[in-house]
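Student: how does the following fold in three dimensions:
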Amino acid sequence: MRYSKQRELILNAVINNPVHPTAEYIYELLKTDNEGLSLGTVYRNLNAMVENDMLKRISVPNGSDRYDAALSTHQHLICRKCGKVTDIYVSELEGIHNKILNKTGFDINCSTLAFEGLCSDCRSK
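Tutor: The predicted model follows:
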């Protein structure tokens, strides 16, 4: 993947925002200081970075996709009320790819797992 200043800005916006930003969030964050930036450019670059294993895409039911710079194995908690996405690591899932391979012969090279519910802030309201 070739280097571009816009791609670097977009990647850094994801890395520096642990909120798992949407493309729209990134665009709003960067557009003031980057006149030539369009929402389409943000989407194209995010998609290219996901395809090149630089970012993870988190599909949010009834919401916009979110992006994650943490490439290590982990899962996500998605609040159905406020939309907050939080990283969580479930150690019991470690080795699940090998277990599935041994049982079915299916070789998994990528997986995502998200748990939906209510975050503690929304539960207390």
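Student: so what's residue 125 scoring on pLDDT?
Tutor: Residue 125 is assigned 87 on the pLDDT scale.
Student: how is the protein carved up into domains?
Tutor: 1-70, 72-125 (automatic domain parsing).
Student: report the secondary structure state of the closest residue to residue 34 other than its chain neighbours.
Tutor: Of all residues not flanking residue 34 in the chain, residue 9 sits nearest, at 6.5 Å (Cβ to Cβ, 6 or more residues apart in numbering). The C-beta positions use only the backbone N, C-alpha and C, and glycine is treated the same way. Here residue 9 is helix, with the state taken from DSSP: H, G, I helix; E, B strand; the rest coil.
Student: format the domains of the chain as TSV; extra columns: mean neighbour count.
Tutor: As requested, those are arranged in TSV below (neighbours: other Cβ atoms under 10 Å):
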stretch	mean neighbour count
domain 1-70	16
domain 72-125	12
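Student: returning to what we had before: show the contacting residues for the residue nearest to residue 34.
Tutor: If a contact means Cβ atoms under 8 Å, 6 or more residues apart in numbering, then residue 9 has 30, 34, 37 as its contacts.
Student: swap the cut-off to 10 Å and go again
Tutor: Residue 9 makes contacts with 26, 29-30, 33-34, 37, 42, 45, as judged by Cβ atoms under 10 Å, 6 or more residues apart in numbering.
Student: and the gap between it and residue 26?
Tutor: 9 Å (Cβ to Cβ, to the nearest Å).
Student: now do the shared contacts for these two.
Tutor: 37, 42, 45.
Student: so how far is residue 27 from the residue nearest to residue 34?
Tutor: Taking Cβ to Cβ, one finds residue 9 at 11 Å from residue 27.
Student: what sits in contact with each of those two?
Tutor: 34, 37, 42.
Student: from the residues you listed, pick the one nearest residue 64.
Tutor: residue 42 (11.8 Å; Cβ to Cβ).
Student: and that closest one, what does it touch?
Tutor: With Cβ under 10 Å, 6+ apart, residue 42 has these contacts: 6-7, 9-10, 13, 21-31, 67.
Student: contacting residues for the residue nearest the centre of the chain?
Tutor: Closest to where the C-alpha atoms of the chain average out (Cα atoms, centre = their mean) is residue 67, at 2.7 Å. For residue 67, the contact set (Cβ under 10 Å, 6+ apart) comprises 10-11, 13-15, 17, 20-23, 25-26, 42, 46-47, 49-50, 54-58, 85.
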